[in-house]
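*Asks:* Everything below, folded, please.
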Amino acid sequence: MTLIRSSLLNAIAVGVRMLTLLGINKVLAVYVGPAGYAAVGQFQNAVQMITVFASGAINTGVTKYTAEYSSDEQKLKRLWKTSGSITLLGSIVCAVGISLLHNPLAAYFLGSAEYGGVFLWFAASIVLFTFNALLLAILNGKKDVGRYVVANIAGSLFSLLITALMAMTYGLYGALIALAVYQSVAFFLTLIICRKTSWFSLRSLFGRVDPAIARNLGRFALMALTSAICVPVGQIVIRNHLGAEFGWKAAGYWEAMWRLSTAYLMLITTTLSVYFLPRLSELEDPDDIKQEIRQGYKIILPGAAMAGVVIYLMRDVIIALLFTPDFAPMRELFAWQMVGDALKVGSWVLAFLMLGKAMFKMFIVAELIYTFGFIGLTYLFTNYWGFKGVAIAHAVNYFVYWLVVWRATYALLNKNNVPTLSESRR
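*Replies:* Next up, the predicted model:
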């Protein structure tokens, strides 16, 4: 499957996801306001961290090894049984922990123990939440783009429907519950989609844990846990800083800007996940890898830059259409945010090479540099340039991150020392 064909098929799902995400943004803007936006961001960061721990942080590895073992049915079965068993155990442990600590978690992430019930809803549904992600990871690794597209569309529509109903009925509390449970509801449709394939069986997801496969998945667990801790924690620290320095409405403006970036970059970042991760996992020759990366840059980077220019020029229309007049102050973030987003796309192409080849040491160092750099630059630049300093920090930090991953990956490629499939399994 070519990059262009994958992109076109993936565009269907991503188009729906973009529209539903923008619809959710509008609902949240109307019913929870800028300060509520900040609370939503805090909760979503908490969900990110907890679900990665609950899944065993293995889904990226599941995608990689499902692609690699595509011609070996026995290895696939061992992989899926190991993955399912790890996911089940991790989900149960996290569910119990969340249930016992729901009030302290609410107080820390949301500023009030009165939101503890939101975490109880999350605990009750986390097993389905994580198994939905596992099934999607398998579909991605199988390169079953058609079913992957349908499953993602179903999840997107569920998220819009549930979030809109809950936010309109119960305000911020309802919106948070919706964000806690919608992927768990989507699990049932993903399950139905998978049951129609020739390879799927519930028995394939549970069984004895294969030690060798578990060790291989452990490399990806280290990378996923690093991202799961660094990225959300970094965003929480930055959001708390903005709230303390400029007020929680300002933190909400930044959250709205960040969510807008996530929405319009979704086509690109999802294509990287759907196409590049399995593809780069298969390639072993450094020249072939370089060619694949160059092809990606020719197609993806100009698209990201063009989208950023259009969004910057239409920023006032976008704020009025997708948010409310209360969000007008986010206007000053657009220019630097768009620059940072283009740099982000450039760096992620190489970051997916590190994922695809299980270069976990490089990946972890790069993630730490990114997170601490973003926090440090935000503190520094907001001191000099005020609120828009957080967007300047975003751009400068991704420029540095791109240099770091470029230096790390190309040094390895030029030495013809790329980890082979057999080495990555050890």
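
*Asks:* what helices or strands is the longest helix seen in the chain leaning on?
*Replies:* In the chain, taking DSSP state H as the definition, the longest helix is helix 145-195. Helix 145-195 is packed against helix 3-31, helix 33-54, helix 116-141, with contacts defined by 3 or more C-beta pairs under 8 Å, 6 or more residues apart in numbering; DSSP states H and E. Just so you know, the C-beta spots here come from the backbone N, C-alpha and C atoms, and that holds for glycine as well.

*Asks:* go with 6 Å
*Replies:* If contacts are counted by 3 or more C-beta pairs under 6 Å, 6 or more residues apart in numbering; DSSP states H and E, helix 145-195 sits against helix 3-31, helix 116-141.

*Asks:* just those helices: most buried one?
*Replies:* Ranked by mean neighbour count under mean count of other C-beta atoms under 10 Å, the helices and strands packed on helix 145-195 are led by helix 116-141, which reaches a mean of 23.

*Asks:* could you give the angle of it to helix 33-54?
*Replies:* Counting by axes from the mean of the first three to the mean of the last three C-alpha atoms, to 10 degrees, helix 116-141 points 60 degrees away from the direction of helix 33-54.

*Asks:* Next, count neighbours for Ala328.
*Replies:* Around Ala328 there are 13 other residues, counting by other C-beta atoms under 10 Å.

*Asks:* can you check Ala113 too?
*Replies:* Ala113: 14 neighbours (other C-beta under 10 Å).

*Asks:* now swap in Glu114 and tell me
*Replies:* Glu114, neighbours per other C-beta under 10 Å, totals 12.

*Asks:* Find the nearest non-adjacent residue to it, please.
*Replies:* What sits nearest to Glu114 in space, not counting adjacent residues and going by C-beta to C-beta, 6 or more residues apart in numbering, is Ala106, at 7.2 Å.

*Asks:* For Ala107, grab phi and psi.
*Replies:* phi -60, psi -40 (degrees, to the nearest 10).

*Asks:* Is it correct that it is in contact with Ala113?
*Replies:* Yes. In this structure Ala107 lies within contact range of Ala113 using C-beta atoms under 6 Å: 4.6 Å.

*Asks:* about what we covered before: centre of the chain to the longest helix of the chain, how far?
*Replies:* 16 Å (C-alpha atoms, centre = their mean, to the nearest Å).

*Asks:* for it, what is the average pLDDT?
*Replies:* Predicted confidence along helix 145-195 averages 85 (mean pLDDT).

*Asks:* coming back round to it: let me have the helices and strands packed on helix 145-195 in a markdown table, extended by distance to Tyr170 and mean pLDDT.
*Replies:* Below are the helices and strands packed on helix 145-195 laid out as a markdown table (distance: least, C-beta to C-beta, whole Å; pLDDT from 0 to 100):
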| stretch | distance to Tyr170 | mean pLDDT |
| --- | --- | --- |
| helix 3-31 | 9 | 74 |
| helix 116-141 | 11 | 90 |
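
*Asks:* among these, which is nearest Thr269?
*Replies:* Nearest of the helices and strands packed on helix 145-195 to Thr269, taken as C-beta to C-beta: helix 3-31 at 9.0 Å.

*Asks:* pLDDT of stretch 261-280, averaged?
*Replies:* Here stretch 261-280 scores 73 as its mean pLDDT.

*Asks:* Quickly find the element holding Gly243.
*Replies:* Counting by DSSP states H and E, the element that carries Gly243 is helix 211-246.

*Asks:* what element comes up after that helix heading to the C-terminus?
*Replies:* Next along the chain after helix 211-246, taking DSSP H and E as the criterion, comes helix 248-264.

*Asks:* could you check the angle helix 211-246 makes with that next one?
*Replies:* Orientation check (the same axes, to 10 degrees): helix 248-264 against helix 211-246 gives 140 degrees.

*Asks:* so what's the most centrally placed residue in the chain closest to, chain neighbours aside?
*Replies:* Against the mean C-alpha coordinate of the chain, by C-alpha atoms, centre = their mean, the closest residue is Gln48 at 8.2 Å. In space, and not counting its chain neighbours, Gln48 is closest to Pro232: 4.7 Å by C-beta to C-beta, 6+ apart.

*Asks:* From what I see, that neighbour and Asn45 are in contact.
*Replies:* Yes. If you go by C-beta under 6 Å, Pro232 and Asn45 touch, sitting 3.6 Å apart.

*Asks:* more neighbours, the two?
*Replies:* Pro232 (22 against 19).

*Asks:* pLDDT wise, what is the more buried one at?
*Replies:* We have a pLDDT of 86 for Pro232.

*Asks:* buried residues in stretch 196-213?
*Replies:* By neighbour count on 16 or more other C-beta atoms under 10 Å, the buried set for stretch 196-213 is Phe200, Ser204, Leu205, Asp210, Ile213.

*Asks:* Name the nearest of those relative to Ser184.
*Replies:* When the buried residues of stretch 196-213 are compared against Ser184 (criterion: C-beta to C-beta), the nearest one is Leu205, at 16.4 Å.

*Asks:* Would you list the phi and psi of the closest one?
*Replies:* Dihedral pair for Leu205: phi -100, psi -10, per degrees, to the nearest 10.

*Asks:* That one contacts Ser83, correct?
*Replies:* No. In this structure Leu205 lies outside contact range of Ser83 using C-beta under 6 Å: 7.5 Å.

*Asks:* Quick check: nearest residue in space to Leu134, chain neighbours excluded?
*Replies:* Distance criterion C-beta to C-beta, 6+ apart; nearest residue to Leu134, sequence neighbours excluded, is Thr87 at 5.3 Å.

*Asks:* how deep is that neighbour tucked in, by neighbour count?
*Replies:* A total of 24 residues lie near Thr87 under the criterion other C-beta under 10 Å.

*Asks:* if I look at it, how far off is Ala320?
*Replies:* To Ala320, Thr87 is 43 Å away according to C-beta to C-beta, to the nearest Å.
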